[in-house]
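Peer 1: Predicted model and sequence follow; I will ask about them next.
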Amino acid sequence: MIGQMFEGVPARALACGALLLAALLAAPYVVNDYLLTVLIIILYYAYTGQAWNIMMGFAGQLSLGHALYVGLGAYTAAAFYVHFGISPWIGILAAIPIAIAGGAIIGFLAFRFRVGGVYFAILTIAFAEFARVGFDHFNWVGGSSGFFLPVANYAVSDLWNLRGKPMMFYYLILAMTVLAFVICRLLLTSRIGYFWLAIREDEEAARAIGIDTFRYKMYAVILSAGMTSLAGIFFAFFYNNLFPEQVFHISRSIELILAPIIGGVGTLFGPILGAFLLTGLSETMHAILYGFGIDIPGVKQVFYGLCLLFVVIVLPHGVWPWVARVLGIKERRS
Amino acid sequence: MPAEIYLNVAVSGILTGLVYGLMALGLSVIFGVIRIVNFAHGEMMTIGMYIAIAIFSAFKLDPLVMMVPIAAVLFVFGYALQASLINPFINRPEHSQFILLVAVALVMVNGLLILFGPDAKNVQTTYAFDSFLIGPLIVDATKVYAGGAAVLVSAALFAFFRFSHLGQAIRACADNYVGALVVGLDVRRLYALTFGIGAACVGAAGAMLVLIIDVTPALGPAYTLLAFIIVITGGLGSMPGALLGGILIGFTEAMAGLLFSPSAKSMFAFGLLVLVLLFRPQGIMGKRAI
């Protein structure tokens, strides 16, 4: 398995990866609180992007409703913690199955009834919107007026209850991102990964050579939903407040998919690079605008839109394949 | 509750539904011909609504009177969008077209947010509180005017595609892309015209809808979704289907708002979408299986 992990990776790529990991591990001791928060946001998008990429990048199923899984994970773990005092690490045991159930229902309905392409994307949006309106009326978790986790000024970090300082959250999301990367890498070089790529490239042909496309598409949805729900738990305990309007909204779903698209759909490193580029650039721009005394809502999103336009027109395969070529560490575009 | 209330709500839902239908008609025309899913449809409508509001607050001109100029502005906008950005994408994979339009939509929503701010805006016409008494029914005047205008515009559009040479040429592109090229039609220009017509429809619908609801920039994505739901329910690519779907959704929303809670009404539209996708994916009036 370790061998499979590094097989066929050029030495220069390994060196770059190790260097990046070392820099990220050391970062909290170097940067200030603001930059640490920015890094947490970057890693959050890198992680969710990686999870989304399993569905779209590997198996070719365009989901525009991933906010659903974030929200289900977030609300489940937060509800267990607030109402019963149960640790989020136990809450995971409920959050993942609930998110997976959501994904499985969508996947089952869509794949069984042959709802594909654009229709599938719209179905995923519809379910996320359905959940948004539903949670607006779900008063056990606060309904539309929001759901709050107890906050205090913590002297020590309590990892068991995920209450504490940003540094704890930073290492947690870093670990999640690294783990997601490793899982995706192992999957891509295994049987299931090759089946996914075959389905993505030509589903009819994949079925013709005997791949059970329904089953493997379901695996992709389930894995993606489960991984995304973990990001939701992180979101809930990091931000300490949840509003259906914000958590499940279509614009959240779109934010989740920006990083992998800009980085490169279907690449392993694309979501990470995309998250760094997008959040890095937008924070820089925010700082510059703020310096000029301009603080208008919407500027960041217009910028995201223009980035997305630029990438989709000029670099349709994303930024990472291009960067990799320049660095001479070409990742096989899979 | 007395029976008249149900009847009143039903009629008002159907009238709103006619405007929805016109909005969805734009989406349906664009998809039927260009095979591009316009993910920025609701956003184009909010642009139309904001133009109507800007004109109303500056010159006190009624949105229904200004409907034609607003539609013309949106037509030019749609034409330019298709000719510059979307035409190079017509042979790209589906998801890449989708993302292109998501990006356009993102710029539009937040551009409007920067220009007009997040607060809800509306127009106060002199007939805003008028109503017609038809037997036991009480119908809002604004909804009657808006619904009537939607029927007129839709009829004009049907006539255009049925009888004019240009409309027939556009339908030829939709029916047989290669054939249209072979007989010498300038398909790219016709595509741009089609997108312009779709945009004009949704612009006109915006001018009508501004009488009925308040507008915020965040309305865009919600109405894009609503247009999708209507068009898929009615049958993607079918023009009568879009109108029928609009009426059906308008009626469903109104009844759900009366029987349950107004804030839960969109759940019923989504529920309807899921049912249609599963049991009749080609839509009520759709012919082609997907």
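Peer 2: That came through fine. Numbers count the residues shown, from 1 in each chain, chains lettered A, B, ... in the order given.

Peer 1: where does the chain dip in pLDDT?
Peer 2: In the absence of a named chain, chain A is used. Across chain A, the ranges flagged by pLDDT under 70 are A:1-2, A:153, A:155, A:330-334.

Peer 1: ah, no, chain B please
Peer 2: Applying pLDDT under 70 to chain B flags residues B:1, B:287-290.

Peer 1: Let me know the next secondary structure element after the host helix or strand of B:Ala227.
Peer 2: Per DSSP states H and E, B:Ala227 falls inside helix B:219-234. With elements assigned by DSSP H and E, the helix or strand that comes after helix B:219-234 is helix B:239-259.

Peer 1: and that following helix, what other elements does it pack with?
Peer 2: Here helix B:239-259 touches helix B:3-34, helix B:141-163, helix B:219-234, helix B:265-279, going by 3 or more C-beta pairs under 8 Å, 6 or more residues apart in numbering or on different chains; DSSP states H and E. Every C-beta, even on glycine, is put in place using the N, C-alpha and C of the backbone.

Peer 1: Tabulate the CA atom coordinates of that helix in CSV.
Peer 2: Extracted in CSV, the C-alpha atoms of helix B:239-259 (Å, rounded to 0.1, in the frame of the first residue of the first chain):
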residue,chain,number,x,y,z
MET,B,239,-42.8,25.8,-25.6
PRO,B,240,-46.4,24.9,-24.6
GLY,B,241,-44.9,22.7,-21.9
ALA,B,242,-43.1,25.7,-20.4
LEU,B,243,-46.3,27.7,-20.1
LEU,B,244,-48.2,24.8,-18.7
GLY,B,245,-45.4,24.1,-16.2
GLY,B,246,-45.4,27.7,-15.2
ILE,B,247,-49.2,27.6,-14.5
LEU,B,248,-48.8,24.4,-12.6
ILE,B,249,-46.0,25.7,-10.4
GLY,B,250,-47.7,29.0,-9.8
PHE,B,251,-50.9,27.1,-8.7
THR,B,252,-48.9,24.6,-6.5
GLU,B,253,-47.0,27.4,-4.8
ALA,B,254,-50.1,29.4,-4.1
MET,B,255,-52.1,26.5,-2.7
ALA,B,256,-49.1,25.3,-0.6
GLY,B,257,-48.7,28.8,0.8
LEU,B,258,-52.4,28.8,1.7
LEU,B,259,-52.6,25.3,3.1
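
Peer 1: Give the buried residues for it.
Peer 2: Under the neighbour-count criterion of 16 or more other C-beta atoms under 10 Å in any protein chain shown, helix B:239-259 has B:239-258 buried.

Peer 1: And for stretch A:170-184?
Peer 2: Quick answer for stretch A:170-184 (16+ other C-beta under 10 Å): A:Tyr170, A:Tyr171, A:Leu172, A:Ile173, A:Leu174, A:Met176, A:Thr177, A:Val178, A:Ala180, A:Phe181, A:Cys184.

Peer 1: can I get the CA coordinates of that stretch in CSV?
Peer 2: In CSV, the C-alpha atoms belonging to stretch A:170-184 read as follows (Å, rounded to 0.1, in the frame of the first residue of the first chain):
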residue,chain,number,x,y,z
TYR,A,170,-5.7,24.0,12.0
TYR,A,171,-4.0,20.7,12.7
LEU,A,172,-7.3,18.9,12.5
ILE,A,173,-8.1,20.2,9.1
LEU,A,174,-4.6,19.7,7.9
ALA,A,175,-4.8,16.1,9.0
MET,A,176,-8.1,15.7,7.2
THR,A,177,-6.7,17.2,4.0
VAL,A,178,-3.6,15.0,4.0
LEU,A,179,-5.8,12.0,4.7
ALA,A,180,-8.2,12.8,1.9
PHE,A,181,-5.3,13.3,-0.5
VAL,A,182,-3.8,9.9,0.5
ILE,A,183,-7.2,8.2,0.1
CYS,A,184,-7.8,9.7,-3.3
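
Peer 1: Quick one: the strands in the stretch 151-300 of chain A, in order.
Peer 2: Along the stretch 151-300 of chain A, counting by DSSP state E, counting those that start in this stretch, strands occupy A:241-242.

Peer 1: what do you get for the stretch 1-150 of chain A?
Peer 2: With DSSP E, counting those that start in this stretch as the criterion, the stretch 1-150 of chain A has strands spanning A:147-148.

Peer 1: who in it is up against chain B?
Peer 2: Neighbours of chain B within the stretch 1-150 of chain A, by C-beta under 8 Å from any C-beta of the partner chain: A:56, A:62, A:64, A:109, A:113-119, A:121-123, A:125-127, A:129-130, A:133-134, A:136-137, A:144.

Peer 1: buried subset of those residues?
Peer 2: Among those, those classed as buried by 16+ other C-beta under 10 Å are A:56, A:62, A:64, A:109, A:115-119, A:121-123, A:125-127, A:129-130, A:133, A:136.

Peer 1: Closest to the centroid, which residue in chain A?
Peer 2: Among the residues of chain A, the one closest to the centroid is A:Thr48, at 0.7 Å (C-alpha atoms, centre = their mean).

Peer 1: ok, that residue touching A:Phe234?
Peer 2: No - if you go by C-beta atoms under 8 Å, A:Thr48 and A:Phe234 don't touch, sitting 9.5 Å apart.

Peer 1: Contact partners for the residue nearest to the centre of chain A?
Peer 2: Contact partners of A:Thr48, counting by C-beta atoms under 8 Å, 6 or more residues apart in numbering or on different chains, are A:His66, A:Val70, A:Thr228, A:Ala231, A:Leu256, A:Ala259.

Peer 1: Give me the subset of those lying in helices.
Peer 2: Assigned to helices by DSSP state H, the following of the contacts of A:Thr48 qualify: A:Val70, A:Thr228, A:Ala231, A:Leu256, A:Ala259.

Peer 1: can you redo those as TSV with distance to A:Pro150 and neighbour count?
Peer 2: Shown next, in TSV, are those (distance: C-beta to C-beta, whole Å; neighbours: other C-beta atoms under 10 Å in any protein chain shown):
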residue	distance to A:Pro150	neighbour count
A:Val70	21	29
A:Thr228	25	29
A:Ala231	22	27
A:Leu256	27	25
A:Ala259	31	29
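
Peer 1: could these be laid out in TSV, adding distance to A:Ala220?
Peer 2: Formatted as TSV, the ones in helices among the contacts of A:Thr48 follow (distance: C-beta to C-beta, whole Å):
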residue	distance to A:Ala220
A:Val70	17
A:Thr228	12
A:Ala231	17
A:Leu256	16
A:Ala259	19
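
Peer 1: contact partners of stretch A:294-301?
Peer 2: Applying C-beta under 8 Å, 6+ apart, the contact partners of stretch A:294-301 are A:251, A:282, A:285-286, A:289, B:106, B:109-111, B:113-114, B:118, B:217.

Peer 1: are any of those residues buried, and which?
Peer 2: Buried among the contacts of stretch A:294-301 (16+ other C-beta under 10 Å): A:Ser251, A:Ser282, B:Leu106, B:Val109, B:Asn110, B:Gly111, B:Leu113, B:Pro217.

Peer 1: how much space between the second one and chain B?
Peer 2: Yep, that's A:Ser282 we're talking about. A:Ser282 sits 12 Å away from chain B, going by C-beta to the nearest C-beta, to the nearest Å.

Peer 1: follow-up on the earlier one: nearest to B:Leu137 among the ones in helices among the contacts of A:Thr48?
Peer 2: Nearest to B:Leu137 out of the ones in helices among the contacts of A:Thr48 is A:Val70 (C-beta to C-beta; 46.1 Å).

Peer 1: Determine which two of the buried residues of stretch A:170-184 are furthest apart.
Peer 2: Using C-beta to C-beta, the two most remote members of those are A:Tyr170 and A:Cys184, lying 21.3 Å apart.

Peer 1: Enumerate the residues of the stretch 201-334 of chain A near chain B.
Peer 2: Counting by C-beta under 8 Å from any C-beta, the positions of the stretch 201-334 of chain A adjacent to chain B are A:250-251, A:254, A:261, A:265, A:296-302, A:304-306, A:308-309, A:312-313, A:316.

Peer 1: Which among the residues you listed count as buried?
Peer 2: For these, a burial check counting by 16+ other C-beta under 10 Å picks out A:250-251, A:254, A:261, A:265, A:298-302, A:304-305, A:308-309, A:312, A:316.
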